[in-house]
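1. Provided below are the primary sequence and the corresponding predicted coordinates.
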Amino acid sequence: IRIGARIIGVIDVQSSRLSAFSDDDVYVLSIVGGQLAHSVENARLYESQRRRTEETVALLDISETISSSLELSDVLNEAAKQTIAACHVPMCVILLATNAGTHFRLGSHALETKVTPPPNWEALTHLLQQHPIEYFPSTTHSFISGQTQVVEPSGPLSTFLAFITQQKIFLYVPLRISDR
């Protein structure tokens, strides 16, 4: 199945007879393959556009929700909930740097209802209070570099959260204020 020079699949027609396929069969299946390739590509493009539209609507919803309140706790709680819904993930934790910039603090968290047992948020809060930002290498890297990263649990914070939530991969996205 080909689109231009790009091959996107194969039609596999089988028979137990050695001379089962005539030249006409090959010709007809070649035409079917070309039509199928375009149909598959159109369906992929449609699905991609549908996902983009859903993502755009989710971003708009998150933006409207976050912008609708000036209460920090409301903004953070709603952002965590909306992130879970938009990304289809079981948990979102928002960490904020303290005013001194030396420690993280738990800004907000949200869980899908099926996460069991629920995380011990007091233990996480205690861990964050006891250790400076540098103690959490993966999180610190995103915080200092301003770069988004996908990592497997390795440092104390991600290992702690991985143990509690049974998750195997983490996405760290820095909260960046851009100059306008």
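-> Right, received. Where do you want to start? Residues are numbered from 1 along each chain as shown.
2. for residue 16, grab phi and psi.
-> phi -80, psi -10 (degrees, to the nearest 10).
3. and it, how many neighbours does it have?
-> 5 (other C-beta atoms under 10 Å). (Each C-beta comes from the backbone N, C-alpha and C, glycine too.)
4. repeat that for residue 38.
-> By other C-beta under 10 Å, neighbour count at residue 38 equals 14.
5. pLDDT wise, what is it at?
-> Per-residue pLDDT puts residue 38 at 85.
6. I'd guess it is in a helix, am I close?
-> Yes - assessed by DSSP: H, G, I helix; E, B strand; the rest coil, residue 38 belongs to a helix.
7. CA-only coordinates of stretch 78-86 in CSV, if you can.
-> Output of stretch 78-86 as CSV, limited to C-alpha atoms (Å, rounded to 0.1, in the frame of the first residue of the first chain):
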residue,chain,number,x,y,z
GLU,A,78,-8.1,23.0,38.9
ALA,A,79,-4.9,22.9,36.8
ALA,A,80,-4.0,19.5,38.4
LYS,A,81,-7.5,18.1,37.8
GLN,A,82,-7.6,19.4,34.2
THR,A,83,-4.1,18.0,33.5
ILE,A,84,-5.2,14.5,34.5
ALA,A,85,-8.3,14.8,32.3
ALA,A,86,-6.4,16.2,29.3
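8. buried residues in it?
-> 78-84, 86 (16 or more other C-beta atoms under 10 Å).
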